[in-house]
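K.L.:
based on what follows, work out the 3D shape:
(2 chains)
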Amino acid sequence: EPEVTQTPSHQVTQMGQEVILRCVPISNHLYFYWYRQILGQKVEFLVSFYNNEISEKSEIFDDQFSVERPDGSNFTLKIRSTKLEDSAMYFCASSAPGPSLEQYFGPGTRLTVT
Amino acid sequence: GDSVTQMEGPVTLSEEAFLTINCTYTATGYPSLFWYVQYPGEGLQLLLKATKADDKGSNKGFEATYRKETTSFHLEKGSVQVSDSAVYFCALSDPNRDDKIIFGKGTRLHILP
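P.N.:
A predicted model of the protein is given here:
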């Protein structure tokens, strides 16, 4: 069964460093998403992406964040200058065209900023 | 804004016990409701969904009914198994407005053999 994959599974970085989290969505999906979950808190929507542009973003998704689909398979989330409060589990998701309502999630990348 | 509230965990039950995980929501429109499950080391998986009032979603012995009058979507299972141990997330989405999913905090479920 097709699945969304994410790498790395755990990333440790120092405050102020740039990180890139990578996702490979399901191959025929056209809608892509990033969510995050700070430990002990809710899973929060960050951004949705369709047709090579951001379709919606939350107030969390400030200028420090960016997303890109650099080729036909990868979908990346970049944090330019990490802060301690960026430590969280980051989930990528994708969905197929049409009103299926189902977003398929990856296993997540745990980001630890020290 | 729209929100989801679910019962705090962890919930610990013995195998074959009856499970209820409460979930209520606040929404301005007519959302679709979901339960997602996260098994250890894995991603979020859609467990079941309901798209309109009085719909019942069901999967793997789990059920939840969309109750508009009480704004609830409680998850139930008649007889839990050790393999049901996971974190369960109640969630909503309003596809008429956007496609983002709004999640509850999650409830960790431990089933003892």
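K.L.:
for residue A:50, which non-adjacent residue is closest in space?
P.N.:
Once flanking residues are discounted, residue A:50 sits nearest to residue A:31: 5.1 Å by C-beta to C-beta, 6 or more residues apart in numbering or on different chains. For every residue, glycine as well, the C-beta is placed using N, CA and C.
K.L.:
contact partners for that neighbour?
P.N.:
Under the criterion of C-beta atoms under 8 Å, 6 or more residues apart in numbering or on different chains, the contact list for residue A:31 reads A:48, A:49, A:50, A:55, A:94, A:95, A:96, A:97, A:103, B:99.
K.L.:
now render those residues as CSV, adding pLDDT, secondary structure and distance to residue B:80.
P.N.:
Listed next are these as CSV, based on pLDDT from 0 to 100; DSSP: H, G, I helix; E, B strand; the rest coil; distance: C-beta to C-beta, whole Å:
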residue, pLDDT, secondary structure, distance to residue B:80
A:48, 93, strand, 34
A:49, 93, strand, 38
A:50, 90, strand, 39
A:55, 91, strand, 39
A:94, 93, strand, 31
A:95, 90, strand, 30
A:96, 85, coil, 32
A:97, 74, coil, 36
A:103, 89, coil, 26
B:99, 76, coil, 32
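K.L.:
which two in those are spaced the farthest apart?
P.N.:
A:55 and A:96 (15.3 Å; C-beta to C-beta).
K.L.:
show me the contacts for residue 106.
P.N.:
Unless you meant another one, I'm taking chain A. By C-beta under 8 Å, 6+ apart, the contact list for residue A:106 reads A:3, A:4, A:5, A:6, A:23, A:91, A:92, A:93, B:43.
K.L.:
that's the other chain; I wanted chain B
P.N.:
Residue B:106 is in contact with A:42, A:43, B:6, B:9, B:38, B:87, B:88, B:89, counting by C-beta under 8 Å, 6+ apart.
K.L.:
what's the offset of the strand or helix carrying residue A:54 from the middle of its chain?
P.N.:
Per DSSP states H and E: residue A:54 is located in strand A:53-57. Relative to the chain's own centre, strand A:53-57 is displaced by 13 Å; criterion: C-alpha atoms, centre = their mean, to the nearest Å.
K.L.:
equivalent analysis for stretch A:2-22, please.
P.N.:
Centre-to-centre, stretch A:2-22 and its host chain are 9 Å apart (C-alpha atoms, centre = their mean).
K.L.:
got a list of contacts for it?
P.N.:
A:23-27, A:34, A:74-84, A:90-94, A:104-114, B:43.
K.L.:
now the terminal residues of that stretch, how far apart.
P.N.:
The straight-line separation of the ends of stretch A:2-22 (C-alpha to C-alpha, to the nearest Å) is 17 Å.
K.L.:
buried ones in it?
P.N.:
Of all the residues in stretch A:2-22, those buried under the rule 16 or more other C-beta atoms under 10 Å in any protein chain shown are A:4, A:6, A:11, A:13, A:19, A:21, A:22.
K.L.:
okay, and the beta partners of the last one?
P.N.:
Read that as residue A:22. Residues in a beta bridge with residue A:22, per DSSP bridges, are residue A:7, residue A:76.
K.L.:
residue A:69: neighbour count?
P.N.:
16 (other C-beta atoms under 10 Å in any protein chain shown).
K.L.:
and for the one 4 residues further on?
P.N.:
Applying other C-beta under 10 Å, we find 10 residues neighbouring residue A:73.
K.L.:
next one: it from chain B, what distance?
P.N.:
Using C-beta to the nearest C-beta, to the nearest Å, residue A:73 is found at 18 Å from chain B.
K.L.:
many thanks, we can stop here.
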